[in-house]
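Student: Sequence first, then the predicted structure:
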Amino acid sequence: MTYDNDNIFAKILRGEIPCIKVYEDEQTLAFMDIMPQAPGHTLVIPKEAALTIHDLSDDAAANLINKVKLVANAVKKGLNADGISLFQLNGKAAGQTVPHIHFHILPGSYLTAKAHASVSSDPTELERIASKIRASIELDSN
């Protein structure tokens with residue numbers, strides 16, 4: 001399968017579709033999932049066009065995992081979460097619903113969360129949660 005430049009994350013990266021940003025740098029974007037499995041469900045994507053982790057360059061993969069760690073720490077701290085679930089799906093058969101590599105950061109347990117991509121959330125509530133996460137990002141830690 002080839003990368004689809006019209007997927008929703010590619011459109012978000014181009015500014016064609018809005019998102020509630022939590023973090024952004026030259027290589028990475030983190031934003032609130034509009035169909036969260038739990039309050040605080042955050043997505044982290046590379047700006048490099050790649051369908052799965054297998055298609056991502058080594059440099060982009062290394063940067064991505066560093067930013068996942070940064071944002072996961074902020075989600076944990078900002079939401080006072082006892083634990084964090086991280087997951088990343090590769091390919092439709094694995095449950096990947098958007099054809100652009102991305103990590104999910106979920107406060108609490110993935111095992112007790114709502115089903116993946118099942119219920120939309122109120123944007124006002126997402127922004128309220130995002131502000132807590134943004135305030136907890138420690139840029140000097142990387």
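Tutor: Here it is on my side, so go on.

Student: What is the neighbour count of the spatially closest residue to residue 78 that is not a sequence neighbour?
Tutor: In space, and not counting its chain neighbours, residue 78 is closest to residue 136: 3.5 Å by C-beta to C-beta, 6 or more residues apart in numbering. Quick note: C-beta positions are derived from backbone N, CA and C, even for glycine. Applying other C-beta atoms under 10 Å, we find 17 residues neighbouring residue 136.

Student: Against residue 31, how distant is residue 136?
Tutor: 15 Å (C-beta to C-beta, to the nearest Å).

Student: Where does the prediction get shaky in the chain?
Tutor: For the chain, applying pLDDT under 70 flags the ranges 1, 139-142.

Student: ok, residues contacting the longest helix belonging to it?
Tutor: Taking DSSP state H as the criterion, the chain has its longest helix at helix 58-78. Residues from elsewhere that reach helix 58-78 (C-beta atoms under 8 Å, 6 or more residues apart in numbering): 22-23, 25, 27-28, 30, 40, 42, 44-46, 48, 50, 53, 56, 81, 83-84, 86, 101, 103, 105, 107, 132-139, 141-142.
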